[in-house]
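*Asks:* Starting from these lines, generate the structure:
(chains A and B)
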Amino acid sequence: MKGIKQLVGTAHTQTVPVVLPPNSQKLKDALLKEIRRSAYVYRVDCGGCNACEIEIFAATTPIFDTERFGIKIVASPRHADILLYTGSVTRAMRAPALRAYEAAPDPKIVISYGACGCDGGIFHDLYCVWGGTDKIVPVDVYIPGCPPTPAATIYGFAVALGLLDQKLKSKQHQPEAQKAQLKHTNIPLDIKV
Amino acid sequence: MFKLIKTVFNTGSVTTKYPFAPMSVSEDFRGKPELDAAQCLSCGACTRACPANALIMETDEKAGTRRWELSTARCIFCGRCEEVCPTHAIKLTQNFELAVTNKADLYEHAVFSLADCSQCQRPFVAQKLLEYVLDTLAQSGVPAAQLSERRKQLQTCPACRRANNMLDSDNISHLRFIKEQQ
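*Replies:* Predicted structure coming up:
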């Protein structure tokens, strides 16, 4: 099966992500810029705590209502344009997750949802966990949060469909440019306890 | 039937305007942690408190640096880093629009230079933290003469300090007391 390398010994929790076919980016651009139809979402729960699922359904129901943008949850990966991976990819869910990836027609957009999906979250160092969707499949968009709020979910979908730009940028702080300021510097010494 | 239609019209639309209008979140909403790099001392309290190890610190003894890293990918937005920060350098903001296409954009770094021990010349504490401790001592009213003595002590690494205390030196106060009695 694609994406699984036979490994023995201590390296048994290593996987090689599925390699994208060379024309996949072109297909994806065609999907987003030329076809521009409703995006159907298939959820893959790879060992999450179900909080992410609750927030996804909060995003699709009337208060946040992603269906006004044509974003709809479907029951089969064969209908899906977007694959939404939640959970930190447990040993048992790796193969079903890969099967869902294979079953979805190309071009597909893969979204990593929640802290667990992005980097393993609080379960990142467990023995039975691969720690992140990007360890098994190539990911297009990461939506961090534990769980992401429905508004963050809508924003993530908009980034995935190329409607909004990403706002977060990597930062390199310069901590030694300034000295750390002390607190309560004006208190006279004799009244200090 | 008419009653229902009347209720529907009175209620109107409940759907939020979110992607078209800004979303208002509650005052205590826990969004992305933001570091005020000027106040950060690299004390490591946040890295110990972080349940998901989203905040980590690494010491590179050869380069004499200590690297602080925040992974927004792994962060569970619990706010413990904000609770434990002694200088209020890290605070949770109300920013929830964190989706990225490139994973590297989820990481933040800060590099601190380390101070060398005055005896063994090996790095042992961040220069900024050492200066903050000395400033705190000065503010708490330690006299200047004592402060210079404390500075010498603090610029020595714990191992060297322990070794100094093991030897028969003038450091040991009880020895001085015995000499006075004789």
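
*Asks:* residues making contact with stretch A:29-40?
*Replies:* A:69-74, A:79-82, A:107, A:109, A:157, A:160-162 (CB atoms under 8 Å, 6 or more residues apart in numbering or on different chains). C-beta coordinates here come from the backbone N, C-alpha and C atoms, glycine included.

*Asks:* now, which of these sits nearest residue B:42?
*Replies:* Nearest to residue B:42 among these is residue A:160, at 36.4 Å by CB to CB.

*Asks:* Phi first, then psi, for the closest residue to that closest one other than its chain neighbours.
*Replies:* Sequence neighbours aside, residue A:141 is the residue nearest to residue A:160 in space, at 4.3 Å (criterion: CB to CB, 6 or more residues apart in numbering or on different chains). When read as degrees, to the nearest 10, the backbone of residue A:141 gives phi -130, psi 140.

*Asks:* ok, residue A:141 touching residue A:158?
*Replies:* No - shown here, residue A:141 and residue A:158 do not form a contact pair, counting by CB atoms under 8 Å, at 9.8 Å.

*Asks:* and residue B:145, what are its phi and psi?
*Replies:* When quoted as degrees, to the nearest 10, the phi and psi of residue B:145 stand at phi -60, psi -40.

*Asks:* What separation is there between it and residue A:156?
*Replies:* Distance, residue B:145 to residue A:156, by CB to CB, to the nearest Å: 61 Å.

*Asks:* where does the residue positioned nearest the centre of chain A fall, phi/psi-wise?
*Replies:* Nearest residue to the geometric centre of chain A (CA atoms, centre = their mean): residue A:112, 1.7 Å. The phi/psi pair for residue A:112 (degrees, to the nearest 10) reads phi -100, psi 120.

*Asks:* If it is in a bridge, with which residues?
*Replies:* Beta bridges link residue A:112 to residue A:85, residue A:142, judged by DSSP bridges.

*Asks:* Mind naming the longest helix for chain B?
*Replies:* For chain B, the helix that runs over the most residues, judged by DSSP state H, is helix B:127-139.

*Asks:* For the lowest-mean-pLDDT helix or strand in chain A, which residues meet the burial criterion?
*Replies:* Least confident helix or strand of chain A, by mean pLDDT, DSSP states H and E, is helix A:24-29 with a mean of 85. Across helix A:24-29, burial judged by 16 or more other CB atoms under 10 Å in any protein chain shown covers residue A:28.

*Asks:* For residue B:147, which residues are in contact?
*Replies:* With contacts defined as CB under 8 Å, 6+ apart, residue B:147 is in contact with B:134, B:137-138.

*Asks:* please redo it, this time with the cut-off set to 7 Å
*Replies:* Residues near residue B:147 by CB atoms under 7 Å, 6 or more residues apart in numbering or on different chains: B:137-138.

*Asks:* Now do the same contact list for the residue nearest to the centre of chain A.
*Replies:* Here residue A:112 is in contact with A:85, A:118, A:132-134, A:139, A:142-143 (CB under 7 Å, 6+ apart).

*Asks:* in a helix, that's where residue A:49 is, yeah?
*Replies:* No - applying DSSP: H, G, I helix; E, B strand; the rest coil, one finds residue A:49 to be coil, outside a helix.

*Asks:* Tally up the residues packed near it, please.
*Replies:* As a burial measure, residue A:49 scores 18 neighbours (other CB atoms under 10 Å in any protein chain shown).

*Asks:* Which secondary structure element is home to residue A:41?
*Replies:* Of the helices and strands defined by DSSP states H and E, residue A:41 is found in strand A:40-45.

*Asks:* Tell me, how many residues neighbour residue A:77?
*Replies:* Neighbour tally, residue A:77, other CB under 10 Å: 19.

*Asks:* swap that for residue A:124, sorry
*Replies:* With neighbours defined by other CB under 10 Å, the count for residue A:124 comes to 21.

*Asks:* And residue B:121, by the same measure?
*Replies:* Neighbour count for residue B:121, taken as other CB under 10 Å: 8.

*Asks:* where does it land in three-state SS?
*Replies:* Classified using three-state DSSP, residue B:121 is coil.

*Asks:* ok, now how distant is it from chain A?
*Replies:* Here residue B:121 is placed at a distance of 21 Å from chain A (CB to the nearest CB, to the nearest Å).

*Asks:* One more: residue B:44?
*Replies:* Noted for residue B:44: a distance of 13 Å to chain A, by CB to the nearest CB.

*Asks:* Next one: residue B:138 from residue A:84, what distance?
*Replies:* 56 Å.

*Asks:* Then residue A:185?
*Replies:* 51 Å.

*Asks:* Looking only at neighbour counts, state which of these two leads.
*Replies:* Between residue A:185 and residue A:84, residue A:84 has the larger neighbour count (other CB under 10 Å), namely 28 against 8.

*Asks:* And that one, how close does it get to residue A:64?
*Replies:* Residue A:84 sits 15 Å away from residue A:64, going by CB to CB.

*Asks:* Repeat that for residue A:54.
*Replies:* Separation of residue A:54 from residue A:64 (CB to CB): 12 Å.

*Asks:* Kindly report the same for residue B:67.
*Replies:* As defined by CB to CB, residue B:67 lies at a distance of 39 Å from residue A:64.

*Asks:* Which of these two has more residues huddled nearby?
*Replies:* When neighbours are counted by other CB under 10 Å, residue B:67 and residue A:64 differ, and residue A:64 comes out ahead with 22 against 15.
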